[in-house]
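J.: Quick one: sequence and predicted model below, then my questions.
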Amino acid sequence: FNSQPVLYVIDGKISNSTDFNNLSPNDIETISVLKDAASAAVYGSRAAGGVVVVTTKKGDVGKTQIQYSVNTGFDTRLKNVPLTSAIEQGKLFSQINPNGFYGMEYTDEDYEYFKTVNNGYGFDQLSAVYRNPSTTTHNLSISGGTEKVKYFFGGSYVNQEGFLRNLEYSKYNVRSNITANITQNLQIYAGLSLNDNRIKSTTSTGIGDPSGIYTKLLVWQPWMPVYTNGGKPFSYGWIGNMGAEVDGLGGYINTNTLKPIVNLSATYKVPFIKGLSAKVDYNKSYSDYRQKIFQKQYMMYLTKQKTSHIWSLDDADIIGTQMSSQVNPSYLQENVTWSEDRQLNFQLNYERSFADAHHVKGWLIYESYLEKGAGLSAGIQGFPVYITDQWWAASTRTNNNQYVSNSTDYSDYSSGRKSWVGQFFYDFKEKYIV
């Protein structure tokens, strides 16, 4: 079965779930769910999954009101899954391998040492990079107006920090709505909004994405430290260092989506035909998406070992280095898409009652919609002199080190529609309805 998404209509503009999620709750005046077929019929087959109609605040007659609020909250784990400590691991290892195993058995010196590290647990790689997730929201609005002009200006900022360092989401919203009664019969409206979403994440390499990194951190060997006392990442003879990946030494994945929306409308009440009004709506939006992926190798350090499980934490005891190999070579990639859409609506509305018994209502709508966009994805591997997240520093050799995606996800496209819809209602004393 094909999924049928909900249709969102925000201030008359056909929108999607992303646009709805980008709204600031402080900007919303009303939310309506169209349940019956007659109400949703104007949107045709697009309404098969339901219609959610949102109206944003337009301001009220009265003195200027300024409102500001800030909210913050934190999440915390009540209790983590009990993990095997270094001492427990040593005892289990000895039970399984009573005759030893390639020199990896625990010694008395190991047991005594780890009794002094984190209350006997050893090195907790998860705790070294874990943080309690938090969310902070700022909201500011200015509204007011007269019988002639009403206005609403709003802005919000949301910042969410994930459970691992360098895992972050932020969102900026700005909205301006102005409604003016030009004459007794003519009203115009102008709205402008801007959404800016940013996601900062650790890399997705052989070590894993954030979910995979978390899983590995839970089961990592408790005798392996993350950093030396001087902050240099340890080498375990593996492809990378888990803590270093989370802290960003292996690069990043940053995503930014920017979307401005313009909404204009005019409503005219026809003075010589009672109950008849005409309305025209025009809105236009642009969307710019950019994702930058930088994954690089980094230096890890070997120190002197007293036993198979005790490594010196002193930088003076560094005896060698190893370049990480979670990626090889380092590379830079950017995925960019851009699009624009415009919607034009003409609507005639008629509603009138006769002789306190007959009530008629009807409307005719013409809608024109056009959307187009394109994109580009390119990458380059290798940094012969200096590893940095800039294109100028990458290798220029014309081989597999460079590429441009030919995926249809980045092809030019355009689509549109035109529709005419009308409805007529009649009721007699609100008892008999046609």
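T.: Nice, thanks for sending it over.

J.: Could you use CA atoms for every contact and neighbour count after this?
T.: Will do.

J.: Point out where this protein drops to low pLDDT.
T.: In the predicted model, the chain carries pLDDT under 70 at residues 1-2, 37-41, 205-208, 398-400, 432, 434.

J.: if we go to 80?
T.: Within the chain, the stretches with pLDDT under 80 are 1-4, 35-48, 78-81, 100-103, 204-212, 396-401, 429-434.

J.: and the gap between the residue sitting furthest away from the middle of it and Ser277?
T.: With Cα atoms, centre = their mean as the measure, the chain has its most outlying C-alpha, relative to the mean C-alpha position, at Ala355: 56.1 Å. For Ala355, the distance to Ser277 (Cα to Cα, to the nearest Å) stands at 21 Å.

J.: now do Asn256
T.: Noted for Asn256: a distance of 42 Å to Ser277, by Cα to Cα.

J.: do the same with Glu371
T.: 29 Å.

J.: for Leu83, same thing?
T.: Taking Cα to Cα as the measure, Leu83 and Ser277 are separated by 70 Å.

J.: Equivalent analysis for Asp60, please.
T.: Here the distance between Asp60 and Ser277 works out to 23 Å (Cα to Cα).

J.: strands paired with whichever strand or helix holds Asn195, and their directions?
T.: Assigned by DSSP states H and E, Asn195 belongs to strand 186-201. Taking DSSP bridges as the criterion, strand 186-201 forms sheet pairs with strand 168-181 (antiparallel), strand 251-269 (antiparallel).

J.: So for Gln4, which of those strands sits nearest?
T.: In terms of Cα to Cα, the element of the strands paired with strand 186-201 nearest to Gln4 is strand 251-269, at 24.3 Å.

J.: Following element in sequence after the closest one, please.
T.: Downstream of strand 251-269, the first helix or strand assigned by DSSP H and E is strand 276-295.

J.: Identify the residues contacting the next helix or strand after that following strand?
T.: The C-terminal neighbour of strand 276-295 among helices and strands, as given by DSSP H and E, is strand 299-303. Taking contacts as Cα atoms under 8 Å, 6 or more residues apart in numbering, the residues outside strand 299-303 that touch it are 232-236, 240-241, 311-315, 317-324.

J.: Next, the angle strand 299-303 makes with the following helix or strand past strand 299-303.
T.: For strand 299-303, the following helix or strand on the C-terminal side (DSSP H and E) is strand 318-323. Direction vectors for strand 318-323 and strand 299-303, defined by axes from the mean of the first three to the mean of the last three Cα atoms, to 10 degrees, enclose an angle of 150 degrees.

J.: Show me what strand 318-323 is packed against.
T.: Applying 3 or more Cα pairs under 8 Å, 6 or more residues apart in numbering; DSSP states H and E, one finds that strand 318-323 contacts strand 299-303.

J.: Distance from the chain centre to the strand it packs on, please.
T.: Shown here is strand 299-303, whose average C-alpha point lies 36 Å from the average C-alpha point of the whole chain (Cα atoms, centre = their mean, to the nearest Å).

J.: CA-only coordinates of that strand in PDB, if you can.
T.: Once non-C-alpha atoms are left out, strand 299-303 reads as follows in PDB (Å, rounded to 0.1, in the frame of the first residue of the first chain):
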ATOM      1  CA  MET A 299      46.600  10.900  15.000                       C
ATOM      2  CA  MET A 300      46.400   8.400  17.900                       C
ATOM      3  CA  TYR A 301      49.100   7.800  20.500                       C
ATOM      4  CA  LEU A 302      50.800   4.800  22.000                       C
ATOM      5  CA  THR A 303      52.200   4.900  25.600                       C
END
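
J.: So which bits of it are buried?
T.: Using 16 or more other Cα atoms under 10 Å as the burial criterion, the residues of strand 299-303 that qualify are 299-303.

J.: wait, which of those is closest to Glu367?
T.: Out of the buried residues of strand 299-303, the one with the shortest distance to Glu367 is Met299. That distance is 59.5 Å, counting by Cα to Cα.

J.: and the closest one, what are its bridge partners?
T.: Each beta-bridge partner of Met299 is listed here, defined by DSSP bridges: Met323.

J.: What of Phe294?
T.: Under the criterion DSSP bridges, Phe294 forms beta bridges with Tyr252, Leu332.

J.: got it, and Asn195?
T.: The residues that Asn195 bridges to, once DSSP bridges is applied, are Asn173, Lys259.

J.: could you list every residue that touches it?
T.: If a contact means Cα under 8 Å, 6+ apart, then Asn195 has 22, 171-174, 257-260 as its contacts.

J.: same check, this time on Gln221
T.: The neighbours of Gln221, taking Cα under 8 Å, 6+ apart as the test, are Ala86.

J.: Now with 6 Å, please.
T.: Taking Cα atoms under 6 Å, 6 or more residues apart in numbering, we find Gln221 in contact with no residue.

J.: Please shift the residue numbers so they start at 46 in all later answers.
T.: Fine by me, first position is 46 from now on; the one you just mentioned is Gln266.

J.: just the buried residues of strand 344-348 now: which is nearest Val87?
T.: Nearest to Val87, judged by Cα to Cα, of these is Met344 at 61.6 Å.

J.: buried set for stretch 401-417?
T.: Of all the residues in stretch 401-417, those buried under the rule 16+ other Cα under 10 Å are 404-406, 408-410, 412, 414, 416.
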